[in-house]
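Chemist: Kindly return the folded structure for what I paste below:
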Amino acid sequence: MRMRSKYPLRSLILAGLPVLLLCSSLCRADADIVTKNNGDNIKGIILRDADGDLTVLTDSGTLTISAGDVKDIHREGDIENILMTADIYRDKGENIKAYYLYQKAARLDPDNEDAVRGMATLEDQLRGNEEDPAWTEDHRRIQTSSGQDSDKAILRDNSASTERLEDEIGIILGEEKGDGRIKVQYVSPGSRADRAGLSGNDHIVSIGGRPAVYMGMFDAVSILLSAPEGSTRLIVDREVVFFVETSGEEGPASDLWDAAGLSIENGPEGAYVSDISPDSSAFGRGVRVGDQIIKLMGNEMSGMTITEVRDAIRGGGPHSVDMFIRRKITI
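Modeler: Okay, here's the model as predicted:
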């Protein structure tokens with residue numbers, strides 16, 4: 001007797017419906033529903049809910065919605081969402097992302113047949129595609145990471161992978177409570193990680209061009225340990241707090257450089273630091289040229305003009321600035 005799937009929507013997907021119908025299913029009641037303050041309902045799958053943003057996969061693509069614009073959220077179960085998203089990426093041919101998600105579902109529920117079946121299907125495809133070197137290398141890395149320490153085991157101080165990561169690269173990784181993001185907990189002075197510019201409390205956004213949100217902890221560690229120094233690009237988010245003085249006791253400073261010792265410009269990805277004085281408080285706290293500003297004084301950057309960003313940093317008197325920056329690092 002054939003077992004009935006716990007996930008009726010996924011049963012339709014596995015039955016081989018075309019991608020068009022698969023995407024259309026995101027608009028059904030099965031999907032997450034994000035209700036915005038203006039009354040609009042966004043239906044899809046919430047991939048991430050962190051740093052004041054929601055990342056939602058819809059039938060028209062991936063949307064990022066500021067938490068300040070959200071009135072209400074209705075969620076489906078976490079494993080259901082992970083498996084639905086994995087199916088979508090698999091059917092789009094983005095098999096590495098799909099494998100990460102099947103693997104993540106299997107870690108949450110090792111007895112989940114859909115997760116195990118999805119991993120097995122993609123492993124068969126990977127093994128059968130050896131003419132593609134990049135594809136084969138990804139598969140070797142995934143197999144290596146899947147067959148050793150679990151995500152929980154690697155978080156132990158005495159695990160073999162944790163010791164290798166600290167000895168060879170000089171970092172200890174952890175997971176942020178609440179959203180599972182990969183976090184740098186410690187950087188050894190003078191280490192490879194320290195030379196690259198990593199800092200304790202950095203949150204890793206991507207590793208080697210792969211979004212960290214799709215990875216388990218061992219996936220991340222496997223990529224870092226398998227790459228020689230200077231060959232892997234990381235993108236990290238970092239909180240910095242620095243002090244701003246003004247040119248006078250009353251009113252805002254006439255110039256951002258005079259007040260804070262830095263310049264802010266607009267770029268393709270938003271506001272970024274275009275120049276900074278080595279004598280400034282911001283430089284002393286780790287801000288560097290090229291840093292993208294993603295949050296300022298607790299506010300998201302979406303909708304802020306460059307003038308508003310500069311004015312918020314400059315302020316009207318001596319004050320502290322709390323800023324989240326995003327930085328590209330080669331390790």
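Chemist: who's in contact with G298?
Modeler: D322 (Cβ atoms under 8 Å, 6 or more residues apart in numbering). C-beta here means a position set from N, CA and C on the backbone, and glycine is covered the same way.
Chemist: So I313, which state does it fall into?
Modeler: Following DSSP: H, G, I helix; E, B strand; the rest coil, I313 is assigned to helix.
Chemist: Ok, V241 next?
Modeler: V241 ends up strand, using three-state DSSP.
Chemist: For D53, see how far away it is.
Modeler: Separation of V241 from D53 (Cβ to Cβ, to the nearest Å): 21 Å.
Chemist: and these two? which has more neighbours close in?
Modeler: Taking neighbours as other Cβ atoms under 10 Å, V241 and D53 compare with D53 leading, 19 against 12.
Chemist: Please give the element, helix or strand, for the residue nearest to that one when sequence neighbours are not counted.
Modeler: Computed as Cβ to Cβ, 6 or more residues apart in numbering, the closest residue to D53 that is not its neighbour in sequence is T64, at 5.4 Å. Using DSSP states H and E, T64 maps to strand 61-66.
Chemist: Sheet-wise, list the partners of that strand with their directions.
Modeler: Partners of strand 61-66 in the sheet, by DSSP bridges, are strand 53-58 (antiparallel).
Chemist: tell me the average confidence for the strand it pairs with?
Modeler: The average pLDDT within strand 53-58 is 76.
Chemist: cool, stretch 115-126 as well?
Modeler: Averaged over stretch 115-126, pLDDT sits at 79.
Chemist: shaky segments in the stretch 1-150 of the chain?
Modeler: Where the stretch 1-150 of the chain drops to pLDDT under 70, the residues are 1-31, 47-52, 59-61, 75-78, 107-108, 124-150.
Chemist: In it, what residue spans correspond to helices?
Modeler: Under the criterion DSSP state H, counting those that start in this stretch, helices of the stretch 1-150 of the chain are mapped to 8-14, 19-24, 78-91, 95-108, 113-127, 133-146.
Chemist: again, but for the stretch 201-331 of the chain
Modeler: 217-226, 256-260, 281-284, 306-314.
Chemist: Out of these, which gets nearest to L101?
Modeler: Distance to L101, taken as Cβ to Cβ, is lowest for helix 217-226 among the helices of the stretch 201-331 of the chain, at 11.2 Å.
Chemist: Taking helix 95-108 as reference, get the angle to that closest one.
Modeler: Put simply, helix 217-226 runs at 130 degrees to helix 95-108, going by axes from the mean of the first three to the mean of the last three Cα atoms, to 10 degrees.
Chemist: Around I293, how many other residues sit close by?
Modeler: 21.
Chemist: I329 too?
Modeler: Neighbours around I329, by other Cβ under 10 Å: 16.
Chemist: Does it touch G197 like I think?
Modeler: Yes. I329 lies in contact with G197 (Cβ atoms under 8 Å); the separation is 5.2 Å.
Chemist: so S277 makes contact with A259?
Modeler: No. In this structure, S277 is not within contact of A259 by Cβ under 8 Å, at 11.2 Å.
Chemist: Give me the more crowded residue out of the two.
Modeler: The neighbour comparison of S277 against A259 (other Cβ under 10 Å) goes to A259, with 23 against 13.
Chemist: Looks like E229 contacts S191 (just checking).
Modeler: No. Counting by Cβ under 8 Å, E229 does not reach S191; the two are 10.5 Å apart.
Chemist: what separates F283 from P189, distance-wise?
Modeler: Applying Cβ to Cβ, the value for F283 to P189 is 19 Å.
Chemist: residues in contact with the residue nearest to D53?
Modeler: 53-56, 302.
Chemist: between these, which has the most around it?
Modeler: Most surrounded of the contacts of T64: other Cβ under 10 Å gives V56, at 24 neighbours.
Chemist: Would you confirm that that residue contacts G44?
Modeler: Yes. With contact defined as Cβ under 8 Å, V56 reaches G44; the gap is 4.5 Å.
Chemist: Need the residues touching each of these two.
Modeler: Contact criterion Cβ under 8 Å, 6+ apart; residues bridging V56 and G44 by contacting each: 32, 34, 63.
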